[in-house]
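Colleague: Provide a 3D model corresponding to the input given below.
(2 chains)
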Amino acid sequence: MSAFTISRRTVLAGSAALLASTAMPVIGRAQTPKRGGRLVVAADSEPRNLNPAIVASNGVFFISSKVVETLAEASFDGKDGLQPRLALSWEGAADGLSVTFKLRDGVKWHDGKPFSSADVAFSALQLWKPLQNLGRTVFKDLSTVETPDELTAVFKFAKPTPFQLIRNALPALSSVVPKHVYENGKIEENPANNAPVGTGPYRFAEYKAGQYYRLAKNADYWGKDEPYLDEIVYQVLPDRTSAAAALEAEEIQLAAFSAVPLADLDRISKVPGLKVITKGYEGLTYQLVVEINHRRKELADLKVRQAIAHAIDKDFVVKTIFLGYAATATGPVPKNDPQFYTADVPTYAFDVAKANALLDEAGYKKGPDGNRFSLKLLPAPYFNETKQFGDYLRQALAAVGIDAELVNNDSPAHIKAVYTDHAFDLAVGPPVFRGDPAISTTILVQSGIPDGVPFSNQGGYKNAELDALIAKASETLDTTARTELYKEFQKKVAADLPLINVAEWSFISVARDTVGNIANNPRWAVSNWADTYLAG
Amino acid sequence: MSRLHRFLRSPEAIAGTAILALLFAMALTAPLLFPGDPQAIAGPALLPPFQDWSLPLGTDRLGRDVLAELFHGARTSLAVGLSAAGAALLIGAVVGTLAGFAGGLIDEVLMRITDAFQTVPGFLLALAFVSIVGPSLGVVVAAIALGAWTGPARVARAEVLSIRERDYVAGARVIGMHPLEIAFREVLPNALPPVLALSSVIVAAAILTEAALSFLGLGDPNRVTWGAMIAEGRAVLRTTPFLSIIPGIALVLTVLGVYLAGEGVVETTAVRRSLS
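Modeller: This next block holds a predicted model:
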C-alpha cells in the first residue's frame, strides 16, 4: 500500500507543479478543486453497525455519512442553518400536523435503482421512528408518510409537532436507506447495516477489521463534478498518540475528532505542511456534565448541589484540561447555539468558602478527618478529558470536604453502571447538544424515562414544573414562543441543578495543507465530503 | 555470619539491596515527606523538572507534584508486588504440597488445574479478572496472584515428592501423625527454600504486571501508581517526555533491584548448599 502511495505521489507531483502558480496551498484561500487521489483518514473506533438510520452517532456518521445521505445538511449560511441534500425544500403546515418534502430528481442508489419518496417513507416509518436512538423521541408522533408522487413525501403527525424541531433534526436524524434492500427480513439483521448502501458520493467498498474501511468514488453521484476524491481510506489507529506521528510521516492526511491529543496541538501546528483547524464542528457541541444521582439523600439537597457547582473552577477546567479549546458552560444549552442560548441564568462562581458554607448550612459538618460524606464518582471513559475531569473533580470535592472515590469502567460497564444499575453518586458525562434541546437535551432532566436508556435522566430527578415546561415546549408550534420556553428551561435547570454543566467543547482537525474544502459546514467531519479534494 | 559475608561480596547483591532499601525508604517516608493526598493539585500544570525547588520533579497535566506521586507510587508498587508474591507463594506451596504428598487422584486433579492456569498467559488472566471484577487494589493483587501461583506449585510438588520418601516422614507416619499434619508440619517447611527462591522473580513480575494494568487504565484510580503515571504522560510524550520517563526509570530500577537482590540470595544459598 505504501508503494502505491509513493507512485501516486510521484505522478501527482507533476500536476501539482503545473498548478503551483495558481493554486498554492494556503490556509483559508479558495482554490480550484483537483480531481482524484486517495484521502487517508485516522479512525479511532470501529463501529460494527454502520447504519446511520439506526445508530445516529458521530462515530457512525464519520464513516457512513459519505455513503448514506440525509434529507438536509447543516450549513453556515443556508436558510435556518440548512442546505439541501436529498430533499430540495421542506415546508411545515401551520397546524404542525404535517411537513412536506420535495425530493431531488435523478438520484440513484449505489446498486443502480432509482431513489424515490417510497424510500423516505420507509426509512422514516420503519427505521427512524421505531429503531433510531434519537428518532424515537423526535418522530414519536409521526403516524404516516404520504407519497403523492415519486418526489414528494408528506410527513403526517398524530399530534402537533414543531416544524423548528423537525428542521433542526434533519442533519443528524434523516439518513435515508433504500427500501428495496431493507424491506425483506429483519431490519436490525440486514447485512447492509455493516456494508451500507446509499445515495452518497462514495460507495462502501471494503472493511478489514482492525485495519481500515475503504470507500470508493460513486461515479453516478447527483452532485455536478462531485466527488473529487477517488477513495477515502479510514485507517484504524486506536492509539491516540499514533495519529500525530502518522500525520507527520504522511501516512494519513487528516485526523478529525481531536485524534491528535490537545496537548500535542501546539507542537503540531508548527510542523510545516500540517494545519490545525478548529472550525467544522459547530453543530456537534459536546457538553461536560456532572450527572447527579438524586437518590442519594445528600445530593437531593439543593444546597449540596449548589456547593458542588461552586467548588468547580470552570476556568481551570477549560484552561488546564481542555487547554483553551473549550468554553465554560452556564446551563444546558451551549453558548455557541444561535437559536436557543440565553446567558440570563443563575451562575455559580468558583468559591470554595461559599461551597463550604453551603454544606455547613445543609447540615453536613466536617468530621474529625475533614470529610463531610463520601461519594462514588464515575467518570465516563470515552474521552481523555472526561477522565481527567474526573481526577480534577475528586480534588475539587476534597477541597470542600467531600471524599469522592473514583470508579473506572470501560464504556459498556460505565453505561450499565450509570444508566441501568444507577450504581453511582456522581458521574461525569459528555452529552451532545444537537441543535435543538428537544433532540437530546431535555431527556437529561425529564422524569419518567425507563431504566437503561443511555444518556438520559437516570439520576432519579423529578421536577413536575420542569416536566410540564418540557411537555409544553414539545407541542408549541410558534418558533418564538418555543424558543422562549427553552430559555425558561435553561433558567430552571441552572437554578435547580438536576445536573451541573461545566464546559462545552468541540473537536479539532489536523490535516495536511494539501487537503482542500475542509470545515466548510458546521458538521463537516460527519458530512458527505463530496467537495473535499487533495491538491497534490 | 559467613553467609552474610558471601552475600556482601557480590556487587550485584549490594546494588540490588541498595536499590531495594531506597525503595522501602521512599515507601515508608512518603506519608511523612508528602502528607495529604499525592493527587492534590499543587502548582501550575506541566511544570518541567528542576525549575521550582518546591516541586523538584515538576508537575503533570493537572498540576500534581510528580515527586510526591513517585514516592506514593513506590508504596503501591511495593504493596502490590509483595502481597501478590506472598499470595502466589502461599497458594502455590499449599497446592504443591497437597499434590505431591497425597499423590494419586488428588495429585492428578490439582496438577491438571495447575496446567490449565499455566496455559493461559498470566497477564491475560489478570486483565480478564480485573475487567470483570472491577479495578481496586485488592482485586489487582488477587489477579496477579492468580497467574503467578503455578510456578511455586510445581516446584513445591517436585520437592515434596523427594522429601516424602525420607526416613523422618516415614517415622512421623509410624508414630501416627495425621497425614495433613505431616504434610504441613514436616514436609512443607523443608520444601520451602527452593520455592522461596522464586519469590524475587514473582515480585518483579508482579510489579511489572501491576504497572501494565494501570497503564491500560485497570489500576485503582484512587491510588497513585507508576503505570498510571506513564499512561498519563503518554498523551504529552512528544512535548513533555519527563512525565513518562521519570516513573519509567523508577519502574526499571525497582524491577532490577528486586531481581539483583534475589539473585544474590539464591547464589549465596547455592554456595552454602554445595559447601554443605
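Colleague: Run through the helices of the stretch 251-400 of chain A in chain order.
Modeller: When secondary structure is read from DSSP state H, counting those that start in this stretch, the stretch 251-400 of chain A shows helices at A:262-268, A:302-311, A:314-316, A:352-361, A:384-398.
Colleague: Kindly reformat those helices as TSV containing mean pLDDT and distance to chain B.
Modeller: C-beta: built from backbone N, CA, C; applies to glycine. Formatted as TSV, those follow (pLDDT from 0 to 100; distance: least, Cβ to the nearest Cβ, whole Å):
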stretch	mean pLDDT	distance to chain B
helix A:262-268	86	4
helix A:302-311	97	13
helix A:314-316	95	8
helix A:352-361	96	13
helix A:384-398	93	5
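Colleague: CSV for those, including mean neighbour count?
Modeller: CSV is the format used below for these (neighbours: other Cβ atoms under 10 Å in any protein chain shown):
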stretch, mean neighbour count
helix A:262-268, 18
helix A:302-311, 22
helix A:314-316, 17
helix A:352-361, 18
helix A:384-398, 22
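Colleague: So which of the ones you listed is nearest residue B:258?
Modeller: helix A:384-398 (29.5 Å; Cβ to Cβ).
Colleague: Also compute the angle for the closest one relative to helix A:302-311, please.
Modeller: Interaxial angle of helix A:384-398 relative to helix A:302-311 (axes from the mean of the first three to the mean of the last three Cα atoms, to 10 degrees): 120 degrees.
Colleague: on contacts alone, who are the packing partners of helix A:384-398?
Modeller: Contact partners of helix A:384-398 among helices and strands, from 3 or more Cβ pairs under 8 Å, 6 or more residues apart in numbering or on different chains; DSSP states H and E: strand A:285-292, helix A:302-311, strand A:373-379, strand A:402-406, strand A:426-429.
Colleague: Can you show me the CA trace of it as PDB?
Modeller: Output in PDB follows, covering the C-alpha atoms of helix A:384-398 (Å, rounded to 0.1, in the frame of the first residue of the first chain):
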ATOM      1  CA  ASN A 384      -9.300  11.700  27.900                       C
ATOM      2  CA  GLU A 385     -10.900  14.900  29.000                       C
ATOM      3  CA  THR A 386     -13.800  13.300  30.800                       C
ATOM      4  CA  LYS A 387     -11.300  11.100  32.700                       C
ATOM      5  CA  GLN A 388      -9.100  14.000  33.600                       C
ATOM      6  CA  PHE A 389     -12.000  16.000  34.700                       C
ATOM      7  CA  GLY A 390     -12.900  13.000  37.000                       C
ATOM      8  CA  ASP A 391      -9.400  13.300  38.500                       C
ATOM      9  CA  TYR A 392      -9.900  17.100  38.900                       C
ATOM     10  CA  LEU A 393     -13.400  16.800  40.400                       C
ATOM     11  CA  ARG A 394     -12.200  14.400  43.000                       C
ATOM     12  CA  GLN A 395      -9.600  17.000  44.100                       C
ATOM     13  CA  ALA A 396     -12.200  19.900  43.900                       C
ATOM     14  CA  LEU A 397     -14.600  17.900  46.100                       C
ATOM     15  CA  ALA A 398     -11.800  17.100  48.600                       C
END
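Colleague: And that helix, how far out from the chain middle?
Modeller: Mean-position distance between helix A:384-398 and its chain equals 23 Å (Cα atoms, centre = their mean, to the nearest Å).
Colleague: what's the nearest residue to residue A:514 if we skip its chain neighbours?
Modeller: With Cβ to Cβ, 6 or more residues apart in numbering or on different chains as the measure, residue A:535 is the residue that lies nearest to residue A:514, at 4.5 Å, once sequence neighbours are left out.
Colleague: My understanding was that that neighbour contacts residue A:34; is that so?
Modeller: Yes: between residue A:535 and residue A:34 there is a contact under Cβ atoms under 8 Å: 5.6 Å.
Colleague: re the thing from before, out of the helices of the stretch 251-400 of chain A, which is closest to residue A:511?
Modeller: Closest to residue A:511 of these is helix A:262-268 (Cβ to Cβ; 10.8 Å).
Colleague: Near chain A, which residues of the stretch 1-150 of chain B are found?
Modeller: Within the stretch 1-150 of chain B, the residues that sit near chain A (Cβ under 8 Å from any Cβ of the partner chain) are B:37, B:39, B:40, B:41, B:45, B:46, B:61, B:62, B:63, B:131, B:134, B:135.
Colleague: buried residues in the host helix or strand of residue A:181?
Modeller: Using DSSP states H and E, residue A:181 maps to helix A:179-182. Residues of helix A:179-182 classed as buried: A:179, A:181, A:182 (neighbour count, 16 or more other Cβ atoms under 10 Å in any protein chain shown).
Colleague: Stretch B:205-218 too?
Modeller: For stretch B:205-218, burial by neighbour count (16+ other Cβ under 10 Å) applies to B:205-218.
Colleague: hmm, back to that, give me whichever of the helices and strands packed on helix A:384-398 is most buried.
Modeller: Neighbour counts (mean count of other Cβ atoms under 10 Å in any protein chain shown) averaged over each of the helices and strands packed on helix A:384-398 peak at strand A:426-429, with a mean of 26.
Colleague: does the closest residue to chain A within the stretch 1-150 of chain B count as helix, strand or coil?
Modeller: Of all residues in the stretch 1-150 of chain B, residue B:45 sits closest to chain A, at 4.8 Å by Cβ to the nearest Cβ. Of the three states, residue B:45 takes coil under DSSP: H, G, I helix; E, B strand; the rest coil.
Colleague: so what's it up against?
Modeller: Counting by Cβ atoms under 8 Å, 6 or more residues apart in numbering or on different chains, residue B:45 touches A:320, B:59, B:60, B:61, B:62, B:63.
Colleague: give me that answer again for 7 Å
Modeller: Residue B:45 makes contact with A:320, B:59, B:61, B:62, B:63, according to Cβ atoms under 7 Å, 6 or more residues apart in numbering or on different chains.
Colleague: pLDDT-wise, what's the bottom of the buried residues of stretch B:205-218?
Modeller: Ranked by pLDDT, the buried residues of stretch B:205-218 bottom out at residue B:217 (83).
Colleague: Chain A contacts on the stretch 151-276 of chain B?
Modeller: B:217, B:221, B:222, B:234, B:235, B:236, B:237, B:238, B:239 (Cβ under 7 Å from any Cβ of the partner chain).
Colleague: Give me the number of neighbouring residues for whichever residue of the stretch 1-150 of chain A sits closest to chain B.
Modeller: Nearest to chain B, among the residues of the stretch 1-150 of chain A, is residue A:44, at 13.4 Å (Cβ to the nearest Cβ). The local packing of residue A:44 (other Cβ atoms under 10 Å in any protein chain shown) involves 19 other residues.
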